[in-house]
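Colleague: please work out how this folds:
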Amino acid sequence: MSPQDAPERYAGAEAGRRRGAGPEAGPGARRPAEQALDRDVAPDVDRDPRTGPRTVEPPSAIERAAAWSRRHRRAVDVGTTALLALFLVVPANASPGAGPQTWLLSLLLVAPLVWRRTAPRLTFGLVVAAGLLVLLVGDSANPGLVAVLVTVHSVTAYGTRRDGRAVLVVGVLAAGAATARFVALPSGDLVAAAAAGSALSLLVVAAWSIGQLSRVRVSHEAALTERARLLEAERDQQAVIAAAAERARIAREMHDVVAHSLAVVVAQADGGRYAARADPAAAVRALETIAGTGRQALADMRGLLGVLREDGAARRTPQPGAGDLADLVEDLRAGGLDVRLEEHGERRPLPPSPGLAVHRIAQESLTNVLKHAGPRASAVVRVRWLEGAVALEVLDDGRGAGAAPAPPGGQGLVGMRERAALTGGSVEAGPAPGGGWRVRALVPDEPPAADRAGAAATARAEARR
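Modeller: Numbers count the residues shown, from 1 in each chain. Alright, predicted model coming up:
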């Protein structure tokens, strides 16, 4: 096993981390929503693809105050309502000739502003009811009428579009009714009434227009918040998927290193034990094969662990491919397995992912022959080079005599199917007619588009190191 295929295995996970949360994702990383809030209260650093990092100006005092107001909405609403009551209701009660009626009406107009952002419809209804009382029994000098303009702005900014249109119509009608009640009827001067009505209507329209601008800002903030939430959820999902994929890939790599090497070691140890007395030279050759296989397994394991640790000193060698099947067969034949290789068609170089899949499937199949086919089993590896794909068949004639039964929960067949699926291929395994076991695999020349993108991302990452 070569550890250099590990970066390819983790390309999908690396791409998932890049899409989900960027390179800083991890247990100590800030969530996207928290980072968005941080930009309201702290300096940030932006990165220009051509000039590198670019420092962004820190937020102004007004921006920090606006961010604080968004985080403490109810407290701000209560505080502003209390200030309005201090400057509107108290003077209404202290003005000459004002009685409890004026003070009460001012309080009824101002008090609903506590819910102006959290419940704009309720505020609208309460202020309309208080305004009708002012038209019936109040006077135009009531300072609490300023709350009407605040209500128009708040309902337009924080309510629905229908609420905004309704409050504009009601506000203009209220301006006309107040003009008729307090200007036209007492004086009978239509010119003054028209001027007063126009001025009040313009104030209502101005408050509504400012509310519309605030509504656009609030909608933009809500869209950014929702986008941050979706990015956070996607990042979490990608982290779970990447972790599961990494566990499966590590299990396959460890199985390839351990199972194949130990199968050869066990076969050689058994052969050397029987040949020790009759043929000491064969026993020596078996011990040499065991030592070489063990050293190779240790080197592969060390390289794999180095890649997992992102160790820059890890050994980098070309990963095995379909062209290395002859060496694989020769090694197993030297280990005592009667195996031969048959190739049909013109051999061609394969991309790393399909070539590795062909090699690993053949390796695992021959390892299973060593472990389960019996002491005198033979095998044949047939490779057919088709147009756009490689067909692999590993057939043995063993009947399992003297072989240990396969433990439950084995990873060999599962790993072969997973490797083929990663390249868009398939694997079939089962008993062969007349006895023995047969494994058939079809591996396309080109991996799926997602794997090619992942491999390209890994290559770019390696080039930057």
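
Colleague: can you show me the strands along the stretch 251-400 of the chain?
Modeller: Remark: strands assigned in the stretch 251-400 of the chain by DSSP state E, counting those that start in this stretch are 338-344, 378-386, 389-396.

Colleague: got TSV for these, with distance to residue 129 and mean neighbour count too?
Modeller: Using the backbone N, CA and C atoms, a C-beta is placed for each residue, glycine as well. Shown next, in TSV, are these (distance: least, C-beta to C-beta, whole Å; neighbours: other C-beta atoms under 10 Å):
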stretch	distance to residue 129	mean neighbour count
strand 338-344	91	14
strand 378-386	83	17
strand 389-396	78	21
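
Colleague: show me the one of those that comes nearest residue 83.
Modeller: Nearest of the strands of the stretch 251-400 of the chain to residue 83, taken as C-beta to C-beta: strand 389-396 at 77.2 Å.

Colleague: that closest one pairs with which strands, and in what direction?
Modeller: Sheet pairing of strand 389-396 (DSSP bridges) gives strand 378-386 (antiparallel), strand 437-444 (antiparallel).

Colleague: average pLDDT across the first one?
Modeller: What strand 378-386 shows for mean pLDDT is 92.

Colleague: put the alpha carbons of that strand into PDB.
Modeller: Taking Å, rounded to 0.1, in the frame of the first residue of the first chain, the C-alpha atoms of strand 378-386 are listed here in PDB:
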ATOM      1  CA  SER A 378      -4.600 -21.500  -7.700                       C
ATOM      2  CA  ALA A 379      -5.800 -18.300  -9.100                       C
ATOM      3  CA  VAL A 380      -5.900 -16.300 -12.300                       C
ATOM      4  CA  VAL A 381      -6.100 -12.600 -12.700                       C
ATOM      5  CA  ARG A 382      -7.700 -11.500 -16.000                       C
ATOM      6  CA  VAL A 383      -7.500  -7.900 -17.200                       C
ATOM      7  CA  ARG A 384      -9.400  -6.800 -20.200                       C
ATOM      8  CA  TRP A 385      -8.600  -3.300 -21.600                       C
ATOM      9  CA  LEU A 386     -12.000  -2.100 -23.000                       C
END
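
Colleague: how far does the longest helix belonging to the chain sit from its chain's centre?
Modeller: The residue-count maximum for a helix in the chain (DSSP state H) belongs to helix 190-278. Here the centre of helix 190-278 is set off from its chain's centre by 2 Å, with C-alpha atoms, centre = their mean, to the nearest Å.

Colleague: which other helices and strands contact that helix?
Modeller: helix 6-9, helix 11-20, helix 32-41, helix 146-158, helix 161-179, helix 280-308, helix 352-372, helix 412-422 (3 or more C-beta pairs under 8 Å, 6 or more residues apart in numbering; DSSP states H and E).

Colleague: Serialize the ones you listed to CSV and add fields for distance to residue 65.
Modeller: Below are these laid out as CSV (distance: least, C-beta to C-beta, whole Å):
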stretch, distance to residue 65
helix 6-9, 49
helix 11-20, 33
helix 32-41, 10
helix 146-158, 17
helix 161-179, 26
helix 280-308, 49
helix 352-372, 55
helix 412-422, 54
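
Colleague: what's the first-to-last distance across stretch 320-336?
Modeller: End-to-end span of stretch 320-336 (C-alpha to C-alpha, to the nearest Å): 22 Å.

Colleague: tell me, how many residues neighbour the spatially closest residue to residue 113 that is not a sequence neighbour?
Modeller: Of all residues not flanking residue 113 in the chain, residue 81 sits nearest, at 4.6 Å (C-beta to C-beta, 6 or more residues apart in numbering). When neighbours are defined as other C-beta atoms under 10 Å, residue 81 has 19 of them.

Colleague: how about residue 374?
Modeller: 16.

Colleague: that one against residue 398, yeah?
Modeller: Yes: between residue 374 and residue 398 there is a contact under C-beta atoms under 8 Å: 4.3 Å.

Colleague: just the pLDDT at residue 151, thanks.
Modeller: Confidence score, pLDDT, at residue 151: 91.

Colleague: check contacts around it.
Modeller: 112, 113, 116, 123, 124, 127, 167 (C-beta atoms under 8 Å, 6 or more residues apart in numbering).

Colleague: residue ranges with poor pLDDT in the stretch 351-465 of the chain?
Modeller: Where the stretch 351-465 of the chain drops to pLDDT under 70, the residues are 399-411, 447-465.

Colleague: tally of neighbours for residue 353?
Modeller: 26.

Colleague: any idea how far residue 301 is from it?
Modeller: To residue 301, residue 353 is 22 Å away according to C-beta to C-beta, to the nearest Å.

Colleague: kindly report the same for residue 346.
Modeller: Distance from residue 346 to residue 301, by C-beta to C-beta: 36 Å.
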